[in-house]
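**Q** make a model of this:
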Amino acid sequence: MASPGIRNLYTTNFSQASSPDAALLAIGNNEGKIALFDLSGVTASQDTGMGERLKGPCKVISAHSDAVYAMVATDAFCISGTTGLIAGRRWSEMQQPQSQAAWTISLECDQANFGTPEVNSLSYDAARGVIYAACGDWRTHVYDLETGKRTQTLEGHDDYVHDVVNSGELVASAGEDGQVLVWDARAGREPRHRLTPHTHSQLARPNQGRFVSSLDLYNDWLVCGGGPKPGVFHLRSLALTTVLPLTKPTIHVTRFTRHAEGGDRGGIVVAGVTPHLYVCSMAGMVTAQLPSSSPCIYTVNVTEKPFTMMTYGGASTKVDVCFNLNYRDHTVSVLEE
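**A** Next up, the predicted model:
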């Protein structure tokens, strides 16, 4: 058994989710634990202008026997994904001494070909009451949250699926095979669009592979990156409109920031194997370069209501905190004091 000190050296944070009322922040790591942060003091400080910093975790939950690769929030639940399992915990009960999962969904396994697949990404569709799970069996599974039953499977990738997002009527997935598939959530049998970013000369990074590890949707726009450089596509024309000026080797996070006033003032967050997080404009200009406590960033969470807060982390026990998208305000540990 490794000592706590040695184990801490290898802590990696893979996923985050925050409650819709901005009361709690949950961060999942490679040991199957969820560090829970109470945001009430930060919320109050934003109201009073006192500028209180985020403190250490109020609780650490032993959630899974394997890494918490994915997390997503609904109004009622903090949902986490690991190898072969998806679990939902009520936000209202997570600070209780014996916090247990309110429900679990076991993935159906194809032992002959894939064994037990991991859940690499989760996305919540509030309008349809479903979650999308991007998995290691080359598929994205759709589960009804009311019944816990699988209602659909989105197929088309030729390797494991890294990420899945949904926006409006669209669902998009990104895979190790270098494809980005865009689906109509109402039909879903065949993808509406197939994008292959690595085939664009402006995006290609032959020495880094063609995989696409992250993507995001916003209105008619899609941003993605991985082995290829991060790029922005217009979904109506399928044109590559912007190549983000990042030369770092591997990208793990590409996401739009969604301002409450609309998308015109929004930006794009890009992070990965680099000691910095970058914020870019839709036109491709770097508007901020924020230092990171992690040499590799795997997870970024942005909340904009009732106040703006961005947290990002990865291969470290530290998580960086920003109250806007221009500078790092402070750093907090995911370890219990």
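
**Q** what's the helix or strand hosting residue 217 in contact with?
**A** For residue 217, the host element (DSSP states H and E) is strand 212-218. If you take C-beta atoms under 8 Å, 6 or more residues apart in numbering as the criterion, strand 212-218 is touched by 162-163, 165-167, 170, 172-175, 178-180, 197-198, 222-228, 250-256, 258, 263, 266. In this view, the C-beta of every residue, glycine as well, is placed from N, C-alpha and C.

**Q** so for that strand, mean pLDDT?
**A** For strand 212-218, the mean pLDDT works out to 96.

**Q** now stretch 167-180
**A** The pLDDT scores in stretch 167-180 average 96.

**Q** again with stretch 155-164
**A** 96.

**Q** that one: end-to-end distance?
**A** From the first residue to the last, stretch 155-164 extends over 12 Å; the measure is C-alpha to C-alpha, to the nearest Å.

**Q** list the buried residues of it.
**A** Buried positions in stretch 155-164, judged by neighbour count with 16 or more other C-beta atoms under 10 Å: 155-157, 160-164.

**Q** returning to what we had before: so of the contacts of strand 212-218, which ones are in strands?
**A** Within the contacts of strand 212-218, residues falling in strands by DSSP state E are 162-163, 165-167, 170, 172-175, 180, 222-226, 251-256.

**Q** related to what we said a few turns ago, parallel or antiparallel, list what pairs with the strand holding residue 217.
**A** Strand 212-218 has its sheet partners listed here by DSSP bridges as strand 221-226 (antiparallel).

**Q** what inclination does the partner strand have with respect to strand 170-175?
**A** For strand 221-226 against strand 170-175, the angle by axes from the mean of the first three to the mean of the last three C-alpha atoms, to 10 degrees is 10 degrees.

**Q** so what touches strand 221-226?
**A** By C-beta under 8 Å, 6+ apart, the residues outside strand 221-226 that reach it are 162, 172, 174, 180, 182, 195, 197, 209-216, 230-235, 244, 246, 250-252, 254-256, 263, 268, 270, 272, 282.

**Q** what would the buried residues of stretch 155-164 look like in JSON lines with distance to residue 143?
**A** As requested, the buried residues of stretch 155-164 are exported to JSON lines (distance: C-beta to C-beta, whole Å):
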{"residue": "155", "distance to residue 143": "16"}
{"residue": "156", "distance to residue 143": "19"}
{"residue": "157", "distance to residue 143": "18"}
{"residue": "160", "distance to residue 143": "18"}
{"residue": "161", "distance to residue 143": "15"}
{"residue": "162", "distance to residue 143": "19"}
{"residue": "163", "distance to residue 143": "17"}
{"residue": "164", "distance to residue 143": "12"}
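
**Q** let me know the closest of the residues you listed to residue 299.
**A** residue 163 (11.7 Å; C-beta to C-beta).

**Q** that closest one bridge partners, please.
**A** Residue 163 forms beta bridges with residue 174, as assigned by DSSP bridges.

**Q** how near is it to residue 241?
**A** Residue 163 is 20 Å from residue 241, where distance means C-beta to C-beta, to the nearest Å.

**Q** list the buried residues for stretch 298-315?
**A** 298-303, 308-315.

**Q** same check, this time on stretch 312-325
**A** Neighbour-count burial for stretch 312-325 [16+ other C-beta under 10 Å]: 312-323, 325.

**Q** good, we can wrap up now.
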